[in-house]
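Undergrad: below is the sequence, then the predicted model.
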Amino acid sequence: MWWFHRMHGSFRGSAAGRGWRRGKSLELMHRATGFAALGLLTLVPLLIVVAAADPANGQGFAEWLAEGLGVAEASRDEVERLFAPPRTALESTTGFGLAALAGFGLTFGGVVQTGYEKVWELPAARWHTMWRHLVWLAALIGYLLLSSHIAARPSDAGDLTWRVAVATISAWLFFWWSQRLLLGGRVPWGALLPGAIATVVGLAGLWVFSHLVFSPLIASNAVAYGPVGTVLVIQSWLVGVGFVVFGGALVGRLLYEERWLLGRWARGAVRRAVRRPGRRRPPVGRAGRGRPRGRTVDRPTTRRRWRSR
């Protein structure tokens with residue numbers, strides 16, 4: 001089994017092997033599960049009130065969640081049954097309750113910050129940096145408000161194009177800035193850029209997967225288990241979001257560390273692409289000059305072989 005040990009050694013020394021070991025030490029799935037559980041308990045109640053108070057849209061958090069999941073109309077109705085109408089949510093909310101929801105939402109920012117610190121192997125930030133959680137929570141609410149308006153149904157192809165472009169750029173800027181803020185500026189902007197791009201690509205893939213898998217699963221679970229089945233699917237989707245957020249940052253660090261190798265590979269690919277097929281360089285002689293045309297060079301047909309005595 002020498003070939004197996006050789007492949008195992010090559011994998012351990014590669015970037016994929018380092019990513020696998022860091023993912024295990026990071027406990028990526030465990031952190032994604034904590035992200036989903038804490039988000040459902042602390043962040044979702046705050047977002048329900050914020051979505052109900054949106055003066056421009058006013059569709060409610062159920063519409064936000066349905067757009068994020070990418071579900072069909074039948075599954076959208078099952079999601080809307082889980083939440084009260086926006087007017088009811090506003091009427092039952094008091095100032096003390098809103099302050100309590102904001103305080104609970106700050107703990108969610110601490111979970112995201114801890115995950116980013118583990119990805120970059122940084123020590124925990126001090127207690128007086130908790131103001132970053134408040135700033136990040138306000139930016140998250142603003143980003144979700146913007147995304148809810150962009151996710152409206154487009155009227156034509158041109159409308160769809162600019163909506164997709166704005167959604168992609170806003171997501172990229174938000175996750176790029178989020179890493180910089182929550183890490184306290186301890187990692188340069190250039191090192192955080194690949195992680196933001198990987199997170200946006202992962203969220204786009206999660207949306208496609210959710211549209212293909214979670215949308216019919218919500219309808220079937222609602223029939224088999226009732227509202228609890230819909231909650232389980234939403235919780236599974238939140239686990240996927242947490243996995244993409246922390247996993248995207250981890251992939252971004254690996255890409256940043258392998259940037260010189262990736263750049264050399266890209267330059268080689270460009271040279272091979274621009275090289276004209278069939279064009280060969282003239283042979284070079286010993287003196288560094290090309291061989292003259294129309295002249296043959298006599299070479300000895302026999303070579304002297306040395307034998308060991």
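TA: Done, it's in. Residues are numbered from 1 along each chain as shown.

Undergrad: contacts and neighbour counts: CA atoms only from here.
TA: OK.

Undergrad: so where is the chain shaky, pLDDT-wise?
TA: Counting by pLDDT under 70, the chain contains low-confidence ranges at 1-15, 55-59, 90, 260-266, 276-309.

Undergrad: could you pull out the helices in it for me?
TA: For the chain, the helices defined by DSSP state H cover 2-13, 15-26, 28-38, 44-52, 61-69, 73-80, 86-91, 95-119, 131-150, 157-182, 189-209, 215-225, 227-257, 259-274.

Undergrad: in a markdown table: the ones you listed, plus mean neighbour count and distance to Ala125.
TA: Converted to a markdown table, the helices of the chain look like this (neighbours: other Cα atoms under 10 Å; distance: least, Cα to Cα, whole Å):
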| stretch | mean neighbour count | distance to Ala125 |
| --- | --- | --- |
| helix 2-13 | 11 | 31 |
| helix 15-26 | 15 | 17 |
| helix 28-38 | 19 | 18 |
| helix 44-52 | 20 | 25 |
| helix 61-69 | 20 | 31 |
| helix 73-80 | 18 | 38 |
| helix 86-91 | 15 | 36 |
| helix 95-119 | 18 | 9 |
| helix 131-150 | 17 | 11 |
| helix 157-182 | 17 | 9 |
| helix 189-209 | 19 | 18 |
| helix 215-225 | 17 | 40 |
| helix 227-257 | 21 | 18 |
| helix 259-274 | 11 | 28 |
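
Undergrad: I'd guessed Gly60 sits against Ile48; true?
TA: Yes - the pair Gly60 / Ile48 is scored as a contact, 6.8 Å apart, by Cα atoms under 8 Å.

Undergrad: which residues do those two both contact?
TA: Between them, Gly60 and Ile48 share these contacting residues under Cα atoms under 8 Å, 6 or more residues apart in numbering: Pro86.

Undergrad: list the contacts of the residue nearest to the spatial centre of the chain.
TA: When the chain is reduced to its mean C-alpha position, the nearest residue by Cα atoms, centre = their mean turns out to be Thr199, at 1.5 Å. When contacts are counted by Cα under 8 Å, 6+ apart, Thr199 is found next to 172, 175, 244-245, 247-249.
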